[in-house]
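Enquirer: quick one, what's the 3D model for this:
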Amino acid sequence: MIKLTQIIGSLALVFLGLNSVAYGQTEKAYKVACIGFYNLENLFDIEDDPAIKDEEFTPTGSYVWDAEKYANKLKNMAAVIADLGTSISPDGTAILGVCEVENRKVLEDLVADEQIKNRNYQIIHYDSPDRRGIDVGLLYQEKYFKPINSKSHRLVFKNNPDYFTRDQLVVTGNLDGDTVSIIVAHWPSRSGGQLASEPRRIEAAELGRHIIDSLLAENAQAKIILMGDLNDDPINKSVKDYIRAKGKMSKVGEGDMYNPMYAKFKSGDCTLAYQDAWNLFDQLIISQGLTGEDASSYIFHQSYVYSKDYLKQKDGRYKGYPLRTHAGGNYLNGYSDHFPVFMVLKKEVKS
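Expert: Next comes the predicted model:
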């Protein structure tokens with residue numbers, strides 16, 4: 001049982017309520033940090049960029065994407081971010097990875113929304129070569145996370161170098177005294193079918209694993225979080241075999257990663273639905289440096305799928321599905337086709 005007892009900024013001081021008589025120990029105080037990921041589903045501005053295929057998201061395009069709809073999209077995305085993680089920490093996510101954003105400008109417009117403006121989210125973003133122009137990015141609250149370096153890693157397919165997809169973003173920084181590396185990814189889609197498209201996701205996983213290995217070579221106990229829309233579930237071999245993400249902490253060996261989303265997928269706690277099947281593509285996968293029991297620095301505590309009722313279709317065939325901005329050619333003024341996810345890290349506060 002965890003009970004919030006005192007607030008320190010947006011990092012909450014909590015007590016892990018153990019029975020002091022049965023366990024023979026006193027209560028301990030912890031700081032917590034929330035770290036999340038959200039697929040913003042087609043966060044495009046209304047301008048036609050001739051370098052990418054964004055014509056449908058313009059006032060004269062198929063979605064009739066005008067200033068009012070763009071403003072509504074920003075407002076809706078900001079409303080979710082404003083609430084994400086606040087059940088644990090009043091400032092919500094200290095770090096938030098995002099994907100399906102057209103450019104830096106849409107992120108600047110997003111963080112300027114009144115609902116989250118006071119958090120002063122900073123932005124790390126690089127343009128990817130994706131034909132539709134969608135990228136990944138990282139938002140962070142500067143008072144809790146201070147970047148040291150960042151790099152965008154290009155994914156070039158061995159047998160199809162002209163197939164362009166999203167880069168993988170790596171940001172290393174100081175999270176309240178701890179060095180943490182974040183990898184933000186949006187792996188290739190299942191277009192053409194799961195099996196036919198699987199080799200592309202395996203190559204994306206190989207790139208992610210190469211980045212992880214490089215970080216571990218510098219520090220075997222590095223605190224690494226791979227987050228993103230992987231377009232595969234925790235049980236698929238791109239994640240399980242190539243990232244080496246284990247579903248049970250007890251199975252994690254040297255160099256392996258731990259995937260806390262595995263148990264959620266197995267229990268049906270998923271992030272998106274398609275043709276009456278649910279998936280958990282949005283994942284948060286962590287290195288051994290975050291799985292230990294020594295809470296003198298940040299370690300993993302819990303992960304969550306954020307799927308409150310207001311994010312869901314209310315009725316009809318797709319009742320319970322994520323409420324999208326568009327569906328079936330209709331403008332729904334919703335949110336995203338994915339639910340966001342977040343995790344809680346904890347660190348003991350020494351008295």
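
Enquirer: from here on, contacts and neighbour counts on C-alpha atoms
Expert: Fine.

Enquirer: direction included, what does whichever strand or helix holds residue 40 pair up with?
Expert: For residue 40, the element it lies in under DSSP states H and E is strand 28-43. Applying DSSP bridges, strand 28-43 is found paired with strand 11-16 (antiparallel), strand 93-101 (parallel), strand 341-348 (antiparallel).

Enquirer: would you check that residue 231 makes contact with residue 191?
Expert: No - contact criterion Cα atoms under 8 Å: residue 231 and residue 191 do not qualify, at 10.1 Å.

Enquirer: more neighbours: those two, which one.
Expert: residue 231 (21 against 10; other Cα atoms under 10 Å).

Enquirer: tabulate the strands paired with strand 28-43 (TSV), appending distance to residue 258 and mean neighbour count.
Expert: Below are the strands paired with strand 28-43 laid out as TSV (distance: least, Cα to Cα, whole Å; neighbours: other Cα atoms under 10 Å):
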stretch	distance to residue 258	mean neighbour count
strand 11-16	23	21
strand 93-101	19	25
strand 341-348	13	23
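
Enquirer: now those strands in JSON lines, with mean pLDDT and distance to residue 72?
Expert: Shown next, in JSON lines, are these (pLDDT from 0 to 100; distance: least, Cα to Cα, whole Å):
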{"stretch": "strand 11-16", "mean pLDDT": "46", "distance to residue 72": "30"}
{"stretch": "strand 93-101", "mean pLDDT": "98", "distance to residue 72": "15"}
{"stretch": "strand 341-348", "mean pLDDT": "96", "distance to residue 72": "22"}
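
Enquirer: let me know the pLDDT of residue 294.
Expert: pLDDT for residue 294: 88.

Enquirer: what about the helices in this structure?
Expert: 20-23, 67-83, 104-111, 194-218, 237, 261-267 (DSSP state H).

Enquirer: for the last one, give me every contacting residue.
Expert: Pointing back at helix 261-267 there. Residues from elsewhere that reach helix 261-267, judged by Cα atoms under 8 Å, 6 or more residues apart in numbering: 233, 234, 235, 246, 247, 270, 279, 280, 283, 284, 285, 303.

Enquirer: buried residues in it, which are they?
Expert: 261, 262, 264, 265 (16 or more other Cα atoms under 10 Å).

Enquirer: what about that helix, distance to the chain center?
Expert: 16 Å (Cα atoms, centre = their mean, to the nearest Å).

Enquirer: for the record, mean pLDDT for that helix?
Expert: 98.

Enquirer: what about the closest residue to residue 333 other than its chain neighbours, how many neighbours?
Expert: Counting by Cα to Cα, 6 or more residues apart in numbering, residue 333 lies nearest to residue 325, which is 4.7 Å off, once chain neighbours are set aside. Burial measure for residue 325: 20 neighbouring residues, criterion other Cα under 10 Å.

Enquirer: the one 4 residues further on now?
Expert: Neighbour count for residue 329, taken as other Cα under 10 Å: 8.

Enquirer: look up how far residue 312 lies from it.
Expert: Distance, residue 329 to residue 312, by Cα to Cα, to the nearest Å: 18 Å.

Enquirer: residue 235 too?
Expert: 25 Å.

Enquirer: who has more neighbours, these two?
Expert: More crowded of residue 235 and residue 312, by other Cα under 10 Å: residue 312, with 20 against 17.

Enquirer: would you mark the buried spots in stretch 76-92?
Expert: Result for stretch 76-92 [16+ other Cα under 10 Å]: buried residues 76-85, 88-92.

Enquirer: stretch 228-245 now?
Expert: 228-235, 237-240, 242-245.

Enquirer: closest one of the buried residues of stretch 76-92 to residue 28?
Expert: Nearest to residue 28 out of the buried residues of stretch 76-92 is residue 88 (Cα to Cα; 16.8 Å).

Enquirer: OK, contacts around residue 189?
Expert: So, once contact is read as Cα under 8 Å, 6+ apart, residue 189 ends up touching 197, 201, 231.

Enquirer: now do the same for the second one: its pLDDT.
Expert: Residue 201 is assigned a pLDDT of 98 by the prediction.
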